[in-house]
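Student: Sharing a sequence plus its predicted fold:
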Amino acid sequence: MPGHERGSIPETFVLYLEGVNCGRVGSVTGGNATADVISEPPGLDHIVKKHLAGVTYEDIQVNCGIGISGHASTWLAATLNGASRRKSGSIFAVNYDGLVLRTLEFTNALITEVDIPAMDAYSKDLVAFMTVKLTPELTRFSQGGGKVPLLAEDERAKVWLPRNFKLGIDGLDCTKVIHIDPFPITWTFASANVGEQRDFEKEPLQLHVPNLKVTTLSSGGHAQSWYNWYEDFVVKGNNGADKLKNGTLTFLTEDLKTTLAEIAFFNLGIFRLAQSLSEEEVTAEMFCERVELRI
């Protein structure tokens, strides 16, 4: 296998949105152009002829910390709050001194998925990353050239640990919540061919908010409020709109004193409470109608 010249392998990736340097992001994949292959019915010669349909572009998947710059975080928050907006930009693969090795340009991209990682009180991971999926209308790869400034890494990105969190839900004891499942928030959208260029315009349709699944300890009566809500809401059927709850997931710094970001949950309704005779853990699942990201 041939070796690489020094500096030819990117040390990091830098995101630009609308010409604004948004700082470094983690791994970046996707963004390639592709075309569907159409097979025609065989003719008298029994040969299946084939041709290409319209060009589409792969989603771009970016891993980033909670400390992503204000310009990018504003776009992210607006999307999760229901205001889907298109943005164009570039992602530069750069070496240790900012020399651009390769560039991925994207046009009119929508954020179509944000995956919030699992929170776990016992996690040993050193850092947490959220995965953001961009769905572009057009992409272009190019080779390197020039340099981009490497902004000082935001300290918040270094200290977002999956064990540093706090959950609060109206009327529930959340002091012993030890685990929150991954929370993937997704947009669905329609595509329409826009002409001879065979590119596709994306039109957002609906924001899908997943169920919230949390695990808490039952010792010391800490799960009793969860049992009470489940009994009233599910078993007794008192599950009208006035019985729904709101909550907040707070991401904290390593000393647990400073808030990095919050996700607000609106109109939570419990539908499952799983308990075990052999363990002191209780897992609750709730539907959620709406979220807000506050960075």
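Tutor: Yep, it's here.
Student: contacting residues around the helix with the most length in the chain?
Tutor: With secondary structure taken from DSSP state H, the chain has its longest helix at helix 70-80. Applying C-beta atoms under 8 Å, 6 or more residues apart in numbering, the contact partners of helix 70-80 are 15, 17-18, 20, 22-23, 64, 68, 84-85, 87, 110-111, 114, 132, 185, 187, 207, 291-295. C-betas here are computed from N, CA, C, even on glycine.
Student: what number of residues lie near Met130?
Tutor: Per other C-beta atoms under 10 Å, the neighbour tally for Met130 reads 24.
Student: Look up the closest residue to it, ignoring the ones flanking it.
Tutor: Distance criterion C-beta to C-beta, 6 or more residues apart in numbering; nearest residue to Met130, sequence neighbours excluded, is Ile116 at 5.6 Å.
Student: Can you read off the backbone torsions of that neighbour?
Tutor: Listed backbone geometry of Ile116 is phi -90, psi 130, with angles given as degrees, to the nearest 10.
Student: Farthest from the middle of the chain: give me that residue.
Tutor: Here the chain has its C-alpha centre computed as a mean, and the residue farthest from that point, by C-alpha atoms, centre = their mean, is Leu44 with 51.2 Å.
Student: contacting residues around that one?
Tutor: Applying C-beta under 8 Å, 6+ apart, no residues contact Leu44.
Student: pretty sure it is in a helix, no?
Tutor: No - using DSSP: H, G, I helix; E, B strand; the rest coil, the secondary structure at Leu44 is coil, not a helix.
Student: quick one: it and Thr12, what's the gap?
Tutor: Using C-beta to C-beta, to the nearest Å, Leu44 is found at 58 Å from Thr12.
Student: so where's the stretch 1-150 of the chain uncertain?
Tutor: Low-confidence segments of the stretch 1-150 of the chain, defined by pLDDT under 70, span residues 1-10, 67.
Student: His179 pairs with what?
Tutor: Bridge pairing for His179 (DSSP bridges) gives the partners Asp120, Thr215.
Student: Does it touch Ala118 like I think?
Tutor: Yes - at 6.9 Å, His179 counts as touching Ala118 under the criterion of C-beta atoms under 8 Å.
Student: Tell me which of the two has more neighbours.
Tutor: Neighbour count, other C-beta under 10 Å: between His179 and Ala118, His179 has more, with 18 against 14.
Student: buried sites along the longest helix of the chain?
Tutor: Neighbour-count burial for helix 70-80 flags His71, Ala72, Ser73, Trp75, Leu76, Ala77, Thr79, Leu80 (criterion: 16 or more other C-beta atoms under 10 Å).
Student: and after it, which helix or strand comes next?
Tutor: strand 87-94 (DSSP states H and E).
Student: So which elements touch that following strand?
Tutor: Contacts defined by 3 or more C-beta pairs under 8 Å, 6 or more residues apart in numbering; DSSP states H and E place strand 87-94 against strand 12-17, strand 100-116.
Student: Now render those strands as a markdown table, adding distance to Gln224 and mean neighbour count.
Tutor: Compiled in a markdown table, these are given as follows (distance: least, C-beta to C-beta, whole Å; neighbours: other C-beta atoms under 10 Å):
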| stretch | distance to Gln224 | mean neighbour count |
| --- | --- | --- |
| strand 12-17 | 46 | 20 |
| strand 100-116 | 28 | 19 |
